[in-house]
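[1] only geometry, no sequence info:
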């Protein structure tokens with residue numbers, strides 16, 4: 001059935017341009033440069049999205065929307081939109097992982113999987129995962145940071161994400177002179193796999209050589225699961241998947257997808273949150289009222305929207321506003337633009353109903369690891385300002401030609 005007009009009408013007091021208004025001149029400038037460095041077309045695409053009210057058709061790309069209510073309507077309508085056909089992320093990964101993706105990702109098996117795995121990342125278990133995975137590493141980093149030593153938060157975030165992957169998947173860790181190097185390598189491998197999706201915004205059909213290369217990386221990341229599947233602890237992803245009745249193949253595939261979805265995005269959010277707190281001056285408001293930490297985390301996810309676009313294919317004809325979408329066409333949700341329409345980064349901003357958690361998607365494909373991302377950011381913010389003293393950014397360098405916009409380096413230090 002067509003999406004109801006009252007669900008997609010934009011709800012705004014005034015139209016904001018997230019590229020020229022909103023997050024404070026310094027923060028806005030740095031976010032623009034960061035997006036440009038990662039994927040040069042992103043700022044232009046976000047700008048074009050300003051005219052997608054509620055939709056705009058772009059030659060060679062398909063339909064786009066940057067309206068949060070339209071985006072939510074699309075992402076919560078499995079009768080008319082899918083991620084399994086050309087244009088969706090499920091179509092991309094099925095070529096690498098196998099046809100089982102079509103069932104488990106959006107088919108009959110998806111609801112069953114989500115139902116059985118909904119307790120995997122609760123607020124409680126997520127904070128426990130963070131404490132167990134990061135352990136003494138985050139404690140040591142905080143001790144050095146509080147003592148006034150410079151800290152490259154972008155590098156630390158990659159190490160911490162590597163540690164989280166090891167904890168969740170029970171991966172073996174190589175012995176190195178610097179223990180952090182093993183975790184950096186795990187992160188780099190996950191980053192390399194995620195890069196498979198680079199250049200697929202307009203076409204998710206992968207060439208054979210790219211599929212072959214991706215499968216080699218998948219085996220490198222998940223080969224240990226063959227040995228660990230039967231005996232893995234129930235508090236790891238492997239053990240939990242086994243206990244839920246997933247096959248070995250499905251467990252390896254799901255572990256791969258969790259790595260792709262939760263490595264670069266998590267590391268990106270950590271350093272960009274620090275940059276926002278400093279560039280907007282909002283760290284001072286947070287220091288004055290630490291009870292706003294939950295808001296600060298939510299706002300950071302909204303403004304950064306680490307996964308800036310979400311693609312879907314149209315399953316059946318429908319009408320949105322004055323536009324008719326035909327089966328087989330594509331639609332791209334510009335999540336970064338949609339989320340930033342609400343305005344600047346403010347730790348005292350109330351919950352925004354029309355956005356909800358759009359940075360995590362919506363509906364049946366709402367990010368399973370959302371609570372874990374919030375727990376990770378809460379820990380990082382506590383490290384940055386938990387002692388009641390502000391910090392400053394000493395230097396920064398933007399990541400170039402990467403799937404997820406992120407800082408290559410962000411050196412922070414106590415004291416302004």
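    Sure, I can see it. The structure presented is a predicted model; accordingly, all values stated were derived computationally and were not measured. Numbering: from 1, shown residues only.
[2] in the stretch 201-350 of the chain, which spans are helices?
    208-222, 225-228, 237-243, 248-262, 264-279, 282-288, 293-304, 335-340 (DSSP state H, counting those that start in this stretch).
[3] from those, which stretch is densest packed?
    Ranked by mean neighbour count, the helices of the stretch 201-350 of the chain are led by helix 335-340 with a mean of 28 (mean count of other C-beta atoms under 10 Å). Every residue, glycine included, has its C-beta placed from N, CA and C.
[4] contact partners of that one?
    16, 18, 22-23, 35, 42, 46, 49-50, 65-68, 71, 302-303, 305, 307-310, 355, 358-359 (C-beta atoms under 8 Å, 6 or more residues apart in numbering).
[5] circling back: which one of the helices of the stretch 201-350 of the chain has the lowest average pLDDT?
    For those, mean pLDDT drops lowest on helix 248-262, to a mean of 82.
[6] just list what that helix packs against, helices and strands only.
    helix 89-97, helix 100-106, helix 153-169, helix 179-194, helix 208-222, helix 225-228, helix 237-243 (3 or more C-beta pairs under 8 Å, 6 or more residues apart in numbering; DSSP states H and E).
[7] in the stretch 1-150 of the chain, where is pLDDT below threshold?
    Where the stretch 1-150 of the chain drops to pLDDT under 70, the residues are 1-24.
[8] now residue 374: which helix or strand?
    Using DSSP states H and E, residue 374 falls within helix 370-385.
[9] tell me the mean pLDDT for that helix?
    The average pLDDT within helix 370-385 is 96.
[10] could you check the angle the next helix or strand after it makes with helix 153-169?
    Once helix 370-385 ends, the next helix or strand along the chain (criterion: DSSP H and E) is strand 391-398. Angle of strand 391-398 versus helix 153-169, following axes from the mean of the first three to the mean of the last three C-alpha atoms, to 10 degrees, is 80 degrees.
[11] list the contacts of stretch 197-206.
    By C-beta under 8 Å, 6+ apart, the residues outside stretch 197-206 that reach it are 39, 60-62, 86-89, 91-92, 95-96, 196, 214, 260, 309, 311, 332, 401, 403.
[12] re the thing from before, quick one: which of the helices and strands packed on helix 248-262 is nearest residue 316?
    Across these, residue 316 has its closest neighbour in helix 100-106 (14.5 Å, C-beta to C-beta).
[13] which is the next helix or strand following that closest one?
    Using DSSP H and E, the first helix or strand after helix 100-106 is helix 108-117.
[14] center of this structure, which residue is that?
    With distances taken as C-alpha atoms, centre = their mean, the residue of the chain nearest its centroid is residue 265 (3.8 Å).
[15] from residue 263, how far off is the residue lying closest to residue 236 once chain neighbours are set aside?
    Using C-beta to C-beta, 6 or more residues apart in numbering and skipping residues adjacent in sequence, the residue nearest residue 236 is residue 170, 4.4 Å away. Residue 170 sits 16 Å away from residue 263, going by C-beta to C-beta, to the nearest Å.
[16] also residue 351?
    Distance, residue 351 to residue 263, using C-beta to C-beta: 28 Å.
[17] these two: who's more crowded?
    A side-by-side neighbour count of residue 351 and residue 263, using other C-beta atoms under 10 Å, places residue 263 first with 24 against 9.
[18] and the closest residue to residue 92 other than its chain neighbours, what are its phi and psi?
    The shortest distance from residue 92 to any non-neighbouring residue, by C-beta to C-beta, 6+ apart, is to residue 204 (4.4 Å). Dihedral pair for residue 204: phi -100, psi 10, per degrees, to the nearest 10.
[19] coming back round to it: which one of the helices of the stretch 201-350 of the chain lies nearest to residue 114?
    helix 248-262 (11.5 Å).
[20] and the contacts of that closest one?
    In contact with helix 248-262 (C-beta under 8 Å, 6+ apart) are residues 93, 97-98, 100-101, 104, 113, 161, 164-165, 168-169, 190, 193-194, 197, 218, 221-222, 225-226, 229, 237-238, 241-242, 246, 367-369, 372-373.
[21] can you check stretch 140-149 too?
    The contact list for stretch 140-149 (C-beta under 8 Å, 6+ apart) reads 151, 156, 383, 384, 386, 387, 389, 391, 412, 413, 414, 415.
[22] what residue, apart from its backbone neighbours, is nearest the first one spatially?
    Yep, that's residue 151 we're talking about. Excluding its sequence neighbours, the residue lying closest to residue 151 (C-beta to C-beta, 6+ apart) is residue 145, at 4.8 Å.
[23] which element is the one you found on?
    Going by DSSP H and E, residue 145 is in helix 123-146.
[24] could you check that helix and say which residues are buried?
    For helix 123-146, a neighbour-count test (16 or more other C-beta atoms under 10 Å) marks 126, 127, 129, 130, 133, 134, 137, 138, 141, 142, 145 as buried.
[25] likewise for stretch 42-56?
    For stretch 42-56, burial by neighbour count (16+ other C-beta under 10 Å) applies to 42-43, 45-50, 52-56.
[26] likewise for stretch 56-74?
    Neighbour-count burial for stretch 56-74, with 16+ other C-beta under 10 Å as criterion, is recorded at 56, 58, 61-74.
[27] name the nearest of the contacts of stretch 140-149 relative to residue 29.
    The closest of the contacts of stretch 140-149, once distances to residue 29 are taken by C-beta to C-beta, is residue 412, at 18.2 Å.
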